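Engineer: What would the 3D arrangement of this be:
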Amino acid sequence: MNLPASGDRARYDRATAHLDAPLAIVDLAAFDANADDLVRRAGGKPIRVASKSVRCRALLERVLARPGFAGIMSYTLAESIWLARSGFEDVLLAYPSADRTGFAELAGDPKLAAAVTVMVDDPAQLELIDGAREGGTQEIRVCLELDTALHLLGGRVRVGARRSPLREPAQLAHLARTVSARPGFRVVGIMGYEGHVAGVGDALAGRPFRSRAIRLMQAAARKELAARRAEAVRAVRAVVPDLEFVNGGGTGSVQQTAAEDAVTEIAAGSGLYVPRLFDNYTSFRGRPAALFAQPVVRRPGVGVVTVLGGGYPASGAAGADRLPVPYLPQGLRYDPQEGAGEVQTPLLGSPADDLLIGDRVWFRHAKAGELCERFDELHLVEGDRVTSTAPTYRGEGRTFL
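Structural biologist: Sure, this is the predicted structure:
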């Protein structure tokens, strides 16, 4: 687990003393240091920021103003259009969409069509887009997604997310030809997200054998994918010589993916906030930047305090690793019979005896941007002061999923 720097709790308490909890903060020094580390690990290749891991326009603007970052990777078409209308000029939608209203808007607006690239991995998606145009004639920029999963034992075992059906280079090349032959579309990029490498920690506390197995799997996955991705890029470039980008990677695999000659840009976002799921990596160590505070509202007995709310589980397969973790003061833990509660959360441990009613406990979310679905604003902390406050997507009335 990432350990807090000496004095962090006191700084955060002083910075937010004038505010009522629950509240959420971003430590800008940690955020900027994490951004610098991502750039260092990318080795000169630009980083496209995954907006789902940030969900705050002000912080997207902040990081994109830094050298080494270029473009946004969005998660819904509605979000992509909103960001493009807000002035972001390079938005790659990382997932296929069935948003007919959004496609009609995209096809009818030349500025939007130039700014947004959509994901396609099936000809049926082209049919849906054409059926939604409502007379719009703008050319739609298309990115093809490569399935990055590792197949073992002749394909009987699959390791990796179930995303694109396009696994073999010939399949990507065939779809590239299909898109290129269809009026109103243009292939501009390829994407492959190796989540089983970028999003799976390889240094699990107290589990050395599983950690070793994960490292062996990831080494095999990187080797297999690098060769297959390079072949896929060659196959698509034979159809689309002016391909603009090949996107790959994620926070946990930045340096490995950047080392592939075929990849032209890296995707990352969680590494800016460094939520708890990114504590378990041997390849990098970030600084927790995004935290939330819950107020102590009860003291049920010795070694116990109760805070208001806090039941903010992250997406994915349900488990203890999807819960927020009590971070400051150190040494608090959940009551196993209650866990993180909808309205109240009991916390156990000797530090509870030093907490008074109204004091706050600082938590880290399991994931990054999902925290922003719980708060309207992020208080931006510099040193021991809140220097500004920025609305989250939710605070701007935008809940895209």
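Engineer: Am I right that Tyr312 is in contact with Leu371?
Structural biologist: Yes: counting by C-beta atoms under 8 Å, Tyr312 touches Leu371, with 7.0 Å between them. For every residue, glycine as well, the C-beta is placed using N, CA and C.
Engineer: More neighbours: these two, which one.
Structural biologist: Neighbour totals were compared for Tyr312 and Leu371, and Leu371 leads with 26 against 23 (other C-beta atoms under 10 Å).
Engineer: Can you show me the helices along this structure?
Structural biologist: Secondary structure of the chain (DSSP state H): helices at 8-15, 28-42, 57-64, 77-85, 100-107, 110-115, 123-132, 169-181, 195-198, 208-239, 254-258, 270-273.
Engineer: Quick one: closest of the ones you listed to Leu328.
Structural biologist: Comparing the helices of the chain against Leu328 with C-beta to C-beta, the closest turns out to be helix 8-15 (4.1 Å).
Engineer: With just CA atoms, put stretch 244-260 into CSV.
Structural biologist: Only the C-alpha atoms of stretch 244-260 are listed here, as CSV (Å, rounded to 0.1, in the frame of the first residue of the first chain):
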residue,chain,number,x,y,z
GLU,A,244,-2.7,8.6,-38.0
PHE,A,245,-2.1,6.7,-34.7
VAL,A,246,-1.7,3.3,-33.0
ASN,A,247,-2.9,3.6,-29.4
GLY,A,248,-2.0,1.1,-26.6
GLY,A,249,-1.2,0.6,-23.0
GLY,A,250,-2.5,1.9,-19.8
THR,A,251,-1.1,3.2,-16.5
GLY,A,252,0.4,-0.1,-15.4
SER,A,253,2.1,-0.8,-18.7
VAL,A,254,3.3,2.6,-20.0
GLN,A,255,7.0,1.9,-20.4
GLN,A,256,6.5,-1.6,-21.8
THR,A,257,3.9,-0.6,-24.4
ALA,A,258,5.9,2.5,-25.3
ALA,A,259,8.8,0.3,-26.2
GLU,A,260,6.9,-1.3,-29.1
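Engineer: related to what we said a few turns ago, of the helices of the chain, which approaches Ala149 most closely?
Structural biologist: Taking C-beta to C-beta, helix 195-198 is the member of the helices of the chain nearest to Ala149, at 7.0 Å.
Engineer: partners of the longest strand anywhere in the chain in the sheet?
Structural biologist: Longest strand of the chain, by residue count under DSSP state E: strand 290-301. Its sheet considered, strand 290-301 pairs with strand 23-27 (antiparallel), strand 304-308 (antiparallel), strand 360-364 (antiparallel) by DSSP bridges.
Engineer: Which positions within that strand qualify as buried?
Structural biologist: 290-297 (16 or more other C-beta atoms under 10 Å).
Engineer: hmm, back to that, mean neighbour count, the helices of the chain: which tops it?
Structural biologist: Using mean count of other C-beta atoms under 10 Å, the stretch among those with the largest mean neighbour count is helix 270-273, at a mean of 28.
Engineer: Once you drop chain neighbours, what's closest to the residue nearest the centre of the chain?
Structural biologist: Using C-alpha atoms, centre = their mean, the residue of the chain that lies closest to the mean C-alpha position is Ser53, 3.4 Å off. Spatial nearest neighbour of Ser53, chain neighbours left out: Gly269 (2.9 Å); criterion: C-beta to C-beta, 6 or more residues apart in numbering.
Engineer: Mind giving me the packing neighbours of the helix or strand of the chain at the bottom of the mean pLDDT ranking?
Structural biologist: The helix or strand of the chain with the lowest confidence, counting by mean pLDDT, DSSP states H and E, is helix 195-198 at a mean of 71. Judged by 3 or more C-beta pairs under 8 Å, 6 or more residues apart in numbering; DSSP states H and E, helix 195-198 is in contact with helix 208-239, helix 254-258.
Engineer: Give me the contacts around that helix.
Structural biologist: Applying C-beta atoms under 8 Å, 6 or more residues apart in numbering, the contact partners of helix 195-198 are 148-150, 159-161, 217-218, 221-222, 225, 249-254, 256-257.
Engineer: Check stretch 299-307 too.
Structural biologist: Taking C-beta under 8 Å, 6+ apart as the rule, stretch 299-307 contacts 294-298, 335, 344-350, 352-353, 355-357, 360-361.
Engineer: what about that stretch, average pLDDT?
Structural biologist: Taken as a whole, stretch 299-307 has an average pLDDT of 97.
Engineer: Dump that stretch to PDB, restricted to CA.
Structural biologist: What follows is stretch 299-307, C-alpha atoms only, in PDB (Å, rounded to 0.1, in the frame of the first residue of the first chain):
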ATOM      1  CA  ARG A 299     -18.200   6.800  18.800                       C
ATOM      2  CA  PRO A 300     -20.000   3.400  19.600                       C
ATOM      3  CA  GLY A 301     -17.300   2.200  21.900                       C
ATOM      4  CA  VAL A 302     -13.600   1.700  22.500                       C
ATOM      5  CA  GLY A 303     -11.700   1.300  19.300                       C
ATOM      6  CA  VAL A 304     -14.700   2.200  17.100                       C
ATOM      7  CA  VAL A 305     -15.900   5.200  15.300                       C
ATOM      8  CA  THR A 306     -18.600   5.600  12.700                       C
ATOM      9  CA  VAL A 307     -18.400   7.900   9.700                       C
END
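Engineer: Tell me if I'm right that Pro324 and Gly341 touch.
Structural biologist: No: between Pro324 and Gly341 there is no contact under C-beta under 8 Å: 11.4 Å.
Engineer: The two: who's more crowded?
Structural biologist: Higher neighbour count among Pro324 and Gly341: Pro324, with 25 against 16, using other C-beta under 10 Å.
Engineer: For the closest residue to that one other than its chain neighbours, grab the count of nearby residues.
Structural biologist: Distances taken as C-beta to C-beta, 6+ apart place Phe363 nearest to Pro324, at 4.4 Å, with adjacent residues excluded. Using other C-beta under 10 Å, Phe363 is surrounded by 27 other residues.
Engineer: show me the contacts for Phe363.
Structural biologist: Phe363 is in contact with 291-294, 310, 324-327, counting by C-beta under 8 Å, 6+ apart.
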